[in-house]
Each structure stands twice: as structure tokens, then as C-alpha cells.
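Asker: Here's my sequence, what's the structure:
(one chain, ligands or ions: 1)
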Amino acid sequence: MPSALSLPALHASHAGTWLRDAGGSTRGCAKGEAVMAVADTPHLVLNAPLVASRLGYPDLSGLDLLELFAFVHPARFCVPTPKGLAHALGLEEAGSDDAVPALLQRAAARLMQTCEDEGWAEREGAWSTLQSLARVRWPWAQVLGPHVRKPERAEKWLFSRLPEWEETPERPQPQQVLLDELEIEGQLERLTGEGAERREGQRTYARGAGRVFAPRSKEKRPHLLLAQAGTGIGKTLGYLAPASLWAERSGGTVWVSTYTKNLQRQLRQESARAWPAARPDGSPPVVVRKGRENYLCLLNLEDALQGGFSGRPAILAHLVARWAAYSRDGDMIGGDLPGWLGTLFRQRGIAALTDQRGECVYAGCPHYRKCFIERSARNSAQADLVIANHALVMVNAARGRDHAQRPTRILFDEGHHVFDAADSTFSAALTGQESIELRRWIVGPERASRGRRRGLAARLADIASYDEAGGEAIEAAVEASQVLPSEGWLARLAEGMPEGPVEAFLGQVRALTYARDEKGQEAGYGIETEVAQLPGELVETAGVAARALADIRVPLMKLGGRLEAVVEDAPDWLDGQGRARVEGARHSLAWRIDLLAAWEAMLSRLGGPADSEFVDWFAVDRNDAREFDVGLHRHWLDPMKPFAKVVLEPAHGVMLTSATLTDRSEAGPDWPGAIARSGAAHLDLQPAIAQADSPFDYAARAEVLIVTDIARGDIAGLAGAYARLIEASGGGVLGLFTAIRRMRSVHGRIADRLARAGLPLYAQHVDPIDTGTLTDIFRDDPRASLLGTDALRDGVDVPGRSLRCVVMESVPWPRPTILHRARRAAAAEREGGAGRYDDAIIRARLAQAFGRLIRTREDAGHFVVLSPAFPSRLLSAFPEGTPVMRVKLAEALQRVAQGVGSAVETHPESEEAVKTRR
Ligand code: SF4
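Answerer: Numbering: from 1, shown residues only. Okay, the predicted model is just below:
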């Protein structure tokens, strides 16, 4: 086997383009020349969509090393950069851009060599998959063919390889136990390990967390604890100590809910200190549970493999099938499927392989007993610890299939996000996209579309033929749902030619929203308008639409009744699995019936008096001036009201914990505000509160620099400031923006210049890479910098040198939406008023962004805000003792270049402005 594969290779970065021929000579070339070369002969490339975007040639194809890696090492992690690939394969890194093509050749050779190696861990299934991939013309198939030998015995097909889950008896209810504080401390010591530093803050925190597990003394009155724990307290082990003790003593299940996938990953690792990977019977004591749309649906995959997908998506389906055989749990989004795999195929292929639309046929599915989603649900019912996310906990509580599985002890980590998660979970939207989804769920595919997508009639065909009334109800529902929007609805709305009463309503919503728009139109963003002073014609159309929706709901309710009757008086042919399927159908029906009822209520209220509990508005959603949805939205003014009813009330113990649970105004932490946002007041609860401050020495490890000489709106100045800050710090900068457009234009101006200096710059919404992978790339390369928006402000956990400077382009003011205005107005009636409401939002965002900088005791760095108009009252967002300075850019650059803690001569004009808080 040669040490480098003799195929030509191409590498393109912002710094230039390099070609290496099969003979082994590398040269820099113009983009046009590279495009001609790859069009002529397939080249080795790494991340084809990224190379395509660097070359400005979207049709680029080639032999992508990432696809080969996904085939050879399915379910294995690899940062999709030359450096990441080199590390994953144990090769020497390329020292410079021009050495990358040679690395690609070596990497290809190494992967081929692996395929020939007797010890190849992922050999099983490779030969069969390769034959299928050859049939769908995977470019690697021919190259790889001679290196993957045919197995002596036929390989097991994926669907026979996957293990079946076992039905298990319901767990008995947990015993009522009281945890002793000394026992909690003992457990904490065991988890932190012998010789670990004794941290008083963590011990106090763990004892406090233990109290939520005490037996409840009143019905509908859970123990509620709000625990603020500064970064570095060690809160994860702090709560896992009492949680693991309680689970062991009581035989019950504790749910820990997070907002980000990062924290879920971290929790999975940390929980290994308290629980083994498997119990003696093989079942897992710790289960990560996500929404069903995250998991691979085997039935969708089977359809895709058997002709449902063609062209590139078919290749993706085969690579996913290979992964599925090695995956830990079938989680496609944030699990062990590489985040970059989906983007290599530039399509929504991954989403089409999950169960996005609730079309699962449950026990009617031939793969039911192997289904990843069913396995995860069953495992979690038996688990000691379930690691979930806020949205899933709330959805499960609101409309979970199985009451016995609803969590009763819940620890909400990243608790400052519970309000937002409740806000979206308990909201309703009657939009074109939502209603077309409902139509598809009822009617099924209406054009000659491929795949399994089936409507209600096909999913319940056996019931329809057995139960006449049930069959008639299905027919009536399918007939009535013809009034819902169908394909092409957006174009019809734009032309003023809506079809059916719901499209007619949406057409009027759209026209009114544009008519009343004050400023959003030119900006290209979404526009919205309040539901007030409506024209009579719109109110009338809404009434017609409401009646049309009721015509769908009524037969669905009838069908629900028939299904109940069938289960109660089950025919002989309906076995256990059949019953489970009918139960599943009843559950999905109930959810759609509720949805329709909510839409009818929203429509009926138009033109009437406003309900003070809700905020309603019309919106046209747009992206770069391109419309993608139109509709009516409703949110609770206080979403913690339904949260209290649905989540808190049935629970026995709940903790909300975070480093930023309270607003830090100049007067100190605002506990009354945090209690109000916990939903406690709706149950008349008085929650316990606890606070543990961060042990980090912020005064010595961080500096906040407010740059005073970059004028608002000066894009060239802003871009120049970003470039110079990145150069000064030698990379390691996380740049946060409040507007995508500004971020793109800054990136476009500076990426080439920085790349030439060996400082790669990545950006969300610019690079064709998902956010999780962008963060992996950033973490892996201390010279890289990353630009992004909101998702990065909260979700990036990059300890160490890779992140040493956070730069915010401006003060993160809340967007003045209708919902924001309504909540602000409600806040105005309370002490402190509307201004305080806005300030609290901004301070929370600043605190979160600052929190990215110092993750461990060893971290140090600068937090830079490029905005002269930074009000002093917001400075309390930063941790106590953090030095804050108002400086000109030149001085900021010096300070960043020298690192935190170095003496920098202060310019006379900024000396006065230097301020160290408290
Ligand atoms: S049981 Fe449902 S989700 Fe699971 S594989 Fe079958 S159809 Fe897909």
C-alpha cells in the first residue's frame, strides 16, 4: 500500500487554492484553474460544500475524504478540518495550507489501508453496503472496491443486526425517603474522587439540592428550589450526588433537563461517576432522551434504501444505514452521527430519515421492536437518571403518551432558559406551514411522491375495514381537510389567488401585515402586526375558516371514539401489537384535535375583545426578503402559568439552577424577579432559594473593554476592528452579532486577510457547516475564530486557550417585537417598570456571553464590546470585581495583544473612564 494515494488532490481556503497532481507535485493556482481541473478529473477534497463555497463553484464534486471517513469509521468523531482528519487517523498535521493536498492523499491511503486491515473494527456490513453504494454511483465505490474483501459468510442486514428491546414491567412507585445531609456529602466525595479539593460552595449546593427529594406533604405542592450557582462551583456533581443517592434508595427516576446539547453530552460523561454503563441485567441506568424528531426512523430509512431516495440522497441513506449499525442510540442530531454528514449532501436528507411529522405507525411498523425511539422511551422508564431537554420535559408533561412515565423529580439545569422553552412549548400558531403539515398527516401524499408518507386512511386501513363508523369518520376527515392549504399556497397568496377558506384567511393576514408594516419591509426581515382594529372582511373570513376547521375536528373526534371502542371490545385479530398501534393512533389524534380546537379559538376571537392572558399577532416570516410562512400566532403573556399547571403541579420536587438565574442589577441579585419567572406564584408556592458564588478570580483573569471609537453603523470600521482584534489576540476570538446581515458583511471583508495571516475565520450562516461542528472546529484550533449569533452566545462551551476573547458588536437590545412590547407593558405596571424589564434582558445576555470566556480556573481573556453607547447600569451584568474599562480601539488592541493581567499604559483621555466595579 502506498503511503499516499495517487489521485490528484485539491485544497481551497480563504488564503488561496492548491492543486497536487497524482505524481506528487503541489502548486498554488487560481480558482478558475482549480474549477477546470476538478470538472475534468475527480480530485480528493475535504468537505466538498466548503471547498465549493471557497471557489464560488457550487457544482463542485469530487472524492470527499469526509464521506470516506463516514464509511470506514461510522459513528466515530472527527473534526472536519485537515488538522482534525490528521488527528482522527493518527497522521502528522499539515503545517501549512500548501501541505494539505499531500495530507489528503496520505489520509485516503490510510483509510484504504484500514479497510485491508484484519483488525478493522467496523468491517461487518462494509462489503454489502459498498455494493449498494456502487449501484447508486458513489464516487468512492470504484476506488474502494479492491480494498474491501468479500466476506466468506453473508453479512447480516442492518435490520436483522439491531437488537430488539424487551417489554419490561412497570416500575413500582418510588419509596418515600429522606436524604441525610451527611450522606449527601459522603456521596459527593465519592463522586468527586479521592484527593479532590474540598469545595465548600459545592457541598452547600449539594445539600440544598438534596432537599427537593424530600417527601411531598401536600398534593400539587412540589418542593421547589431556585439555586444560583456561579461558574466553577461544580454544580453538575453537586446535584448528581443527591440525585444518585435518591434514585438508589427510592428506586425512582430523576430527570435532569438541559437547554443545550453540550450540557447533555457533559452530563452523560459526568454521570459515569455515579452509575455504571450497564446494570447486571444489561439495561442502562442513565438514558439520554430527546424529542422523537432527533432519532433515525428505521421505516423511513428502509424506504430510502429501497428507492425512496435517488442520486446523492441515496448515498446519504446508505452511509446512514452503515452508521445505524454502530450507533449507540440512533440519535442523528447531536448524537454520534457526525454533524457534518448531513451538510455534505446539501439537502434535508437527514430530516427525511427522522420521524418529523408524527407519522409513526407504532406497532404497525415492521421495525417496531428495534425502533430507536421506542427503545429510548422504554429505557428511560427503567432508568435511574434521564437526561432530557426543557422542551421534551414540557411536551411530555403536556401530552406524553404514558402518564406513568411523567417525571416527578426534575432538575432544570440552564434554568434561565425555562421561561423561553415554556414560551415556545405552550404557544400556538395557525400558519401555512403548520396547516399544510396537518393536511399531510390526514391526507397523505397527494402527488406521485416517493416514500412511506401515508395518510390516516392508509395508517388505519384495517380499522376502517373492520369498523364501519370508524371508516366513515376517516373518509369525512380526509374530505374535510381538502380545505387546508396545499402545495403552492405561498405563490397563490402572493398572486392573490388563494384556494379554500384557510388560504383565503392567510391571504388577508398577509395583505394586512404588509399594509400595516412601518419599517420591516425594506430590511428584508419578517414583519408582524398586532391583532387589533381588524377590517370586517378579515373577521368574516376568519369565521369561515374556523367553521372549516371544526368540520375537520368533528370527524377526528368521532374516529377517536371509535378507536376507543375498538380497543375496549377488541376483535380477535387485534393482538397486543395491534392494540399498541391503535393506542398510538389515539394519542396522535388527541393531539391534532387539541390543535384544531386551539386554532378555532384563536380565529373566533379575532374582532372580539382581547384576552389579557394572551398576546396574538399576525406575521409574515421572511429570510432575506424571501417569504416562507404566513399566519396567526398566540403566546401566553406569562408562559409560566401553563408551565406551573402542567409541569410543577404534578411534580414532587423541582429545582431550577443556573449561573444566571437572577438579574444582577446594581442593587444586587433580583430574587423576587427570579421567583416570578419560576411560575411559583401560580401555585402559591414559596420556593427555597440558594446562592453559591463563583470561586474564579475574575479581577485577575478577565477584563471588559468597552471600545468608544467605533461609530454605530460604520461597517468598515466594525470589520476593521474585528480583524485587528483577531490579529492582536492571534485568533481564539468568538465574535457575537445581533444581525446576520452585519455578520456576513464583516466576515466577507476580513476572512481572506486573516486567512493569509494563518488565522482561519469561520461563521455561522456563511460556511455550509452546522453550528455544533463549527464549535468543534473552533475548539480544536487555537488560531481559529468564530463569528455567530444568538445560538453561540449560549451554546458554546470552549474551555482553555481556544477561546480567549469574546467580541460583541453592540449592546444586545431586545428586538422590539409585538410580544416583547406586550410583556414590557405588563412589566411597566410593576415596580421599576419597563426600562428595568429591558435592562434585565440585556444583562442576562451579556452575562451569558461573558460566561463563554471563563470556563475553568485557568481560563483568562478579554470581553470586548464595540459600542460607545454602553450604559453604565448594564455593567452589573459582569461578575463582581471584573475590571471594566472604556477605551479607544488602539488601547483595546494593546491590551488584547498583551493578554489579561499585563500592565498597559493608559491613554490620558481614557484614564478617567477606567472603572473597576465595586
Ligand atoms: S416504530 Fe415508528 S419511528 Fe420507529 S421505525 Fe417504525 S415508523 Fe419509524
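
Asker: Break down the stretch 51-200 of the chain into its strands, ranges please.
Answerer: Counting by DSSP state E, counting those that start in this stretch, one finds strands in the stretch 51-200 of the chain at the ranges 63-64.

Asker: Those residues of it touching the ligand, which are they?
Answerer: By the rule Cβ under 6 Å from any ligand atom, no part of the stretch 51-200 of the chain lies against the ligand. To be clear about C-beta, it is placed using only N, CA and C from the backbone, and glycine gets the same treatment.

Asker: Quick one: the helices in the stretch 51-200 of the chain, in order.
Answerer: Ranges of helices within the stretch 51-200 of the chain are 65-72, 82-89, 100-116, 126-135, 139-144, 158-161, 181-192, 200-210, based on DSSP state H, counting those that start in this stretch.

Asker: any weak-confidence spans in this structure?
Answerer: Flagging of the chain using pLDDT under 70 yields the residue ranges 1-4, 346-347, 401-404, 445-453, 519-524, 795, 831-832, 901-918.

Asker: Enumerate the residues of it near the ligand.
Answerer: 297-299, 355, 360-362, 365, 367-368, 371, 373-374.

Asker: out of these, which are buried?
Answerer: Neighbour-count burial within those applies to 297-299, 355, 360-362, 365, 367-368, 371, 373-374; the criterion is 16 or more other Cβ atoms under 10 Å.

Asker: quick one on the thing from earlier: what would the helices of the stretch 51-200 of the chain look like in TSV with distance to Thr253 and mean neighbour count?
Answerer: Shown next, in TSV, are the helices of the stretch 51-200 of the chain (distance: least, Cβ to Cβ, whole Å; neighbours: other Cβ atoms under 10 Å):
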stretch	distance to Thr253	mean neighbour count
helix 65-72	35	24
helix 82-89	36	20
helix 100-116	41	22
helix 126-135	38	18
helix 139-144	45	18
helix 158-161	30	15
helix 181-192	18	18
helix 200-210	16	22
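
Asker: Same list, the ones you listed, but as a markdown table with distance to Glu600 please.
Answerer: Formatted as a markdown table, the helices of the stretch 51-200 of the chain follow (distance: least, Cβ to Cβ, whole Å):
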| stretch | distance to Glu600 |
| --- | --- |
| helix 65-72 | 47 |
| helix 82-89 | 52 |
| helix 100-116 | 57 |
| helix 126-135 | 48 |
| helix 139-144 | 53 |
| helix 158-161 | 42 |
| helix 181-192 | 51 |
| helix 200-210 | 44 |
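
Asker: Do I have it right that Ile706 meets Pro883?
Answerer: No: the criterion here is Cβ atoms under 8 Å, and Ile706 misses it with Pro883 at 11.4 Å.

Asker: Those two: which is more packed in?
Answerer: Each of Ile706 and Pro883 has its neighbours counted (other Cβ atoms under 10 Å); Ile706 has more, 24 against 18.

Asker: Helix, strand, or coil at that one?
Answerer: Using DSSP: H, G, I helix; E, B strand; the rest coil, the structure places Ile706 in strand.

Asker: Pull the contacting residues for it.
Answerer: Val864, Val865, Ser867, Pro868, Phe870, Val884, Met885, Arg886, Val887 (Cβ atoms under 8 Å, 6 or more residues apart in numbering).

Asker: and the third one, how many neighbours?
Answerer: Spelled out, it's Ser867. 18.

Asker: Could you check how many residues crowd around the nearest residue to it once chain neighbours are set aside?
Answerer: What sits nearest to Ser867 in space, not counting adjacent residues and going by Cβ to Cβ, 6 or more residues apart in numbering, is Ser810, at 4.6 Å. Neighbour count for Ser810, taken as other Cβ under 10 Å: 19.

Asker: Hmm, Val865 and Ser810 touching each other?
Answerer: Yes: counting by Cβ under 8 Å, Val865 is a contact partner of Ser810 at 7.4 Å.

Asker: separation between the closest residue to the ligand within the stretch 101-250 of the chain and Ala784?
Answerer: Here the stretch 101-250 of the chain gets closest to the ligand at one residue, Phe159, 9.9 Å apart by Cβ to the nearest ligand atom. Remark: distance between Phe159 and Ala784 (Cβ to Cβ, to the nearest Å) = 41 Å.

Asker: just to revisit the earlier point, if I pick the residue nearest to Ser867, what's in contact with it?
Answerer: Residues near Ser810 by Cβ under 8 Å, 6+ apart: Arg712, Thr738, Val865, Leu866, Ser867.

Asker: The first one touches Ser867, doesn't it?
Answerer: The one in question is Arg712. Yes: counting by Cβ under 8 Å, Ser867 is a contact partner of Arg712 at 7.1 Å.

Asker: Among the contacts of Ile706, which ones are in strands?
Answerer: If you go by DSSP state E, the contacts of Ile706 have Val864, Val865, Val884, Met885, Arg886, Val887 in strands.

Asker: Show me what the second one bridges to in the sheet.
Answerer: With beta bridges defined as DSSP bridges, Val865 has these partners: Ile706, Met808.

Asker: Taking the stretch 501-650 of the chain, what residue is nearest to the ligand?
Answerer: Closest point on the stretch 501-650 of the chain to the ligand, by Cβ to the nearest ligand atom, is Gly584, at 8.4 Å.

Asker: What is the burial count for Phe628?
Answerer: As a burial measure, Phe628 scores 13 neighbours (other Cβ under 10 Å).

Asker: which one is it nearest to, not counting chain neighbours?
Answerer: What sits nearest to Phe628 in space, not counting adjacent residues and going by Cβ to Cβ, 6+ apart, is Asp621, at 5.5 Å.

Asker: Look at the one you found and tell me its secondary structure.
Answerer: Applying three-state DSSP: Asp621 is strand.

Asker: Tell me if I'm right that it and Val630 touch.
Answerer: Yes: the pair Asp621 and Val630 passes the contact test of Cβ under 8 Å, sitting 7.3 Å apart.

Asker: so what sits against both of the two?
Answerer: Thr431.

Asker: Those two: which has the busier surroundings?
Answerer: Shown here are Asp621 and Val630; by other Cβ under 10 Å, Val630 has more neighbours (26 against 19).

Asker: picking up where we left off before, a helix runs through the residue of the stretch 501-650 of the chain closest to the ligand, doesn't it?
Answerer: Yes: assessed by three-state DSSP, Gly584 belongs to a helix.
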